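K.L.:
okay, structure incoming, though there's no sequence with it:
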């Protein structure tokens, strides 16, 4: 079965994009990975409207990517902060991969605006696709694909609405 | 300088998302990595309208992620196919990272619908953030961040519109 013959409605890329496949959600995750957790801080740093931010945060909490907890702010109103869950942390390669690509192709002449290092030794990190056996980094031409356990032909149920 | 104090307008994550930060563009790239290159094939597999697909493809070509070439289809009209450039290939960790996350947290009980293997040995691939020195995979807690060469404070020029 070729990819073109596979029903995409249960594709894992697509299901992930159903949750984080928009600019604001991915930028909120960038803030979270950089330790910016408070509603007001995120709103101000992203220059995003409070209503859009509230909606996106709700989506990420519902998907168990962020968890919300109350904290006592300066005023009397209860305020909330949002921390990455284990699921959220597992999106680290995606966010870092977006940064790596931008650093390589879109950065200002002098380089990127933000660096990520190995905490222990201080050396920069990189994102790679690698073989789980020999751990060699692989480009697409050194990989091949095949149907997985839940693959079904596109005609069996029709390609799901996406 | 903390991340919260950094102007995000030249952030590499953000610049990358300006180009591929929408569901359709990322799904078009998924098709490209799976060898689906022809306009009509992409339109049919994604169930996307021809006008939306044409607009997204134009954006990806303008960003030098895909390159367009004519081919002779069944009819008389010239048709086009879209191949990943070197820049496009460099998004492999992002697309594979989205798939890996979906396979882990959102797949059907029996597993994902599509697999990516090392061509040579057949073993599955994985996406990791790793240290460029000792090559150890790193989770976010084993990393730290710092301002890069083009970092500028948020107040110097105001946080750019995003």
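P.N.:
Thanks, I have it. Here the structure is a predicted model, which means the values were calculated and not measured.

K.L.:
the residue sitting furthest away from the middle of chain A: which element?
P.N.:
Most distant residue from the mean C-alpha position of chain A: residue A:76, 33.7 Å away (CA atoms, centre = their mean). Using DSSP states H and E, residue A:76 sits in no helix or strand.

K.L.:
do you know the pLDDT at it?
P.N.:
Reading off the confidence values, residue A:76 has pLDDT 71.

K.L.:
distance of it relative to chain B?
P.N.:
24 Å (CB to the nearest CB, to the nearest Å). All C-beta spots, glycine's among them, are computed from the backbone N, C-alpha and C.

K.L.:
for chain A, which spans come out with low pLDDT?
P.N.:
A:156-162 (pLDDT under 70).

K.L.:
what ranges does it have for its helices?
P.N.:
A:12-20, A:23-33, A:39-46, A:50-62, A:86-89, A:92-105, A:154-157 (DSSP state H).

K.L.:
and residue B:153, which of those helices is closest to it?
P.N.:
Among the helices of chain A, helix A:39-46 comes nearest to residue B:153, with 12.3 Å by CB to CB.

K.L.:
grab the nearest non-local neighbour of residue A:29.
P.N.:
Excluding the flanking residues, the one nearest residue A:29 by CB to CB, 6 or more residues apart in numbering or on different chains is residue A:95, at 5.5 Å.

K.L.:
quick one: contacts for that neighbour?
P.N.:
A:26, A:29, A:30, A:33, B:13 (CB atoms under 8 Å, 6 or more residues apart in numbering or on different chains).

K.L.:
residue A:51 too?
P.N.:
Per CB under 8 Å, 6+ apart, neighbours of residue A:51: none.

K.L.:
how far away is it from chain B?
P.N.:
17 Å.

K.L.:
and residue A:66, by the same measure?
P.N.:
Residue A:66 is 14 Å from chain B, by CB to the nearest CB.

K.L.:
before we move on, back to that, closest one of the contacts of residue A:95 to residue A:91?
P.N.:
Closest to residue A:91, out of all of the contacts of residue A:95 and judged by CB to CB, is residue A:29, at 6.0 Å.

K.L.:
neighbours of that closest one, how many?
P.N.:
Neighbour count for residue A:29, taken as other CB atoms under 10 Å in any protein chain shown: 23.

K.L.:
wait, what's in contact with it?
P.N.:
Counted by CB under 8 Å, 6+ apart, residue A:29 has contacts A:20, A:60, A:65, A:84, A:88, A:91, A:95.

K.L.:
same question, residue A:115
P.N.:
Counting by CB under 8 Å, 6+ apart, the residues that residue A:115 touches are A:124, B:145, B:146, B:147, B:148.

K.L.:
I'd guessed residue A:66 sits against residue A:85; true?
P.N.:
Yes: using CB atoms under 8 Å, residue A:66 makes contact with residue A:85 at a distance of 6.6 Å.
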